[in-house]
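Student: Dropping the sequence and predicted coords here.
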Amino acid sequence: TSAHPRANPSARRAHRDSDLTLGGTAPALAGIRVTPARHTRQILLVGDSTVCDQPGDPYSGWGQRLPQYLREGLSVANYADSGESTVSYLGNPLLWDAVRPLIRRGDLVLIQLAHNDKTTDGPAYRANLEALVAGVRERGGEPVLVTPVVRRWFNTDGTLDNDTALLVNGLGVDHPAVIRSVAADRDVPLIDLTARTKELVESLGVEGSKALYLHNEKRDNTHTSVHGATVYADLVREELLNLRLVPKGSVRVE
């Protein structure tokens, strides 16, 4: 900012010199310059309520917490949406049709859709995942398949080895297994968040794992608390580094 006193030239110069040192008594905006930011690589997120931006405490999706682990040069664009399956995400023009044109060459697109594919049969589920992968690649992006976070549904022996916890739907479709298979067949990087969250939840046990979910607030063992979403976002951060999908310098290492 600079001041513009009504005075003769020498007085103006003296006043400006004073303003530069002291700030002046009547600062005014001299101008605004907008400089375009350099290209920032995006991490786009395609997913459901366990990934998406929630309106506030106590809810949060892991995608909502991921940006805190990134440094300058990487940005997160969260296009996950509550209640979406592979069928609805592909079929809604406000979702996949809107997201796909935004993918730029070199962008990462993390895809985690399973929780709401309760009535999707195996062939359809596989075909939908393959369509998402192909759509990302056609735009020059790099697809990354992510298996779903587990539901906090314990067996009596303290394990999560049951269909509800591990996202096997009523038709017998093992969602994580299909995702792993598509990743292998299509040479797509895989973040096995099912395996990582299962290991963590079982290690914390029945009581300790409650804080990861909305169990205490809503008796909800599917959706994550802010704490749980933050912990799960950290697991995603670790896997992005382990798979060398992002350079180490662009991610905050705890």
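Tutor: That came in fine, so what should we check first?
Student: for the spatially most central residue of the chain, what are its contacts?
Tutor: Central residue of the chain (CA atoms, centre = their mean): residue 63, 2.7 Å from the mean position. Residue 63 makes contact with 45, 47, 51-53, 76, 78, 80, 110, 233, according to CB atoms under 8 Å, 6 or more residues apart in numbering. All C-beta spots, glycine's among them, are computed from the backbone N, C-alpha and C.
Student: out of those residues, who has the most neighbours?
Tutor: residue 51 (34 neighbours; other CB atoms under 10 Å).
Student: show me what contacts that residue?
Tutor: Residues in contact with residue 51, defined by CB under 8 Å, 6+ apart, are 45, 61-63, 78, 80, 112.
Student: how about a cut-off of 7 Å?
Tutor: Listed by CB atoms under 7 Å, 6 or more residues apart in numbering, the contact partners of residue 51 are 45, 61-63, 80, 112.
Student: show me where this protein has strands.
Tutor: 41-47, 74-78, 108-112, 142-146, 190-191, 213-214, 220-224 (DSSP state E).
Student: deepest of those, which one?
Tutor: strand 108-112 (a mean of 26; mean count of other CB atoms under 10 Å).
Student: helices and strands around that one, which ones?
Tutor: For strand 108-112, the packing partners by 3 or more CB pairs under 7 Å, 6 or more residues apart in numbering; DSSP states H and E come out as strand 41-47, strand 142-146.
Student: which residues in the protein form helices?
Tutor: With DSSP state H as the criterion, the chain has helices at 9-22, 62-65, 86-91, 96-99, 122-138, 175-185, 193-208, 215-218, 226-242.
Student: Which helix or strand in the chain has the lowest average pLDDT?
Tutor: One helix or strand of the chain scores below all others by mean pLDDT, DSSP states H and E: helix 9-22, with a mean of 43.
Student: Could you dump the helices of the chain into JSON lines and include distance to residue 145?
Tutor: Converted to JSON lines, the helices of the chain look like this (distance: least, CB to CB, whole Å):
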{"stretch": "helix 9-22", "distance to residue 145": "57"}
{"stretch": "helix 62-65", "distance to residue 145": "15"}
{"stretch": "helix 86-91", "distance to residue 145": "11"}
{"stretch": "helix 96-99", "distance to residue 145": "15"}
{"stretch": "helix 122-138", "distance to residue 145": "7"}
{"stretch": "helix 175-185", "distance to residue 145": "5"}
{"stretch": "helix 193-208", "distance to residue 145": "10"}
{"stretch": "helix 215-218", "distance to residue 145": "28"}
{"stretch": "helix 226-242", "distance to residue 145": "11"}
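Student: and those, which one's lowest on average pLDDT?
Tutor: Comparing mean pLDDT across the helices of the chain, the weakest is helix 9-22, with a mean of 43.
Student: just for the stretch 1-150 of the chain, where's the confidence low?
Tutor: The stretch 1-150 of the chain contains residues with pLDDT under 70 at 1-24, 37-38.
Student: cutoff 50 now
Tutor: 1-22 (pLDDT under 50).
Student: To residue 101, which of the strands of the chain lies closest?
Tutor: Across these, residue 101 has its closest neighbour in strand 41-47 (11.4 Å, CB to CB).
Student: list the helices and strands the closest one packs on?
Tutor: Against strand 41-47 (3+ CB pairs under 7 Å, 6+ apart) you get strand 74-78, strand 108-112.
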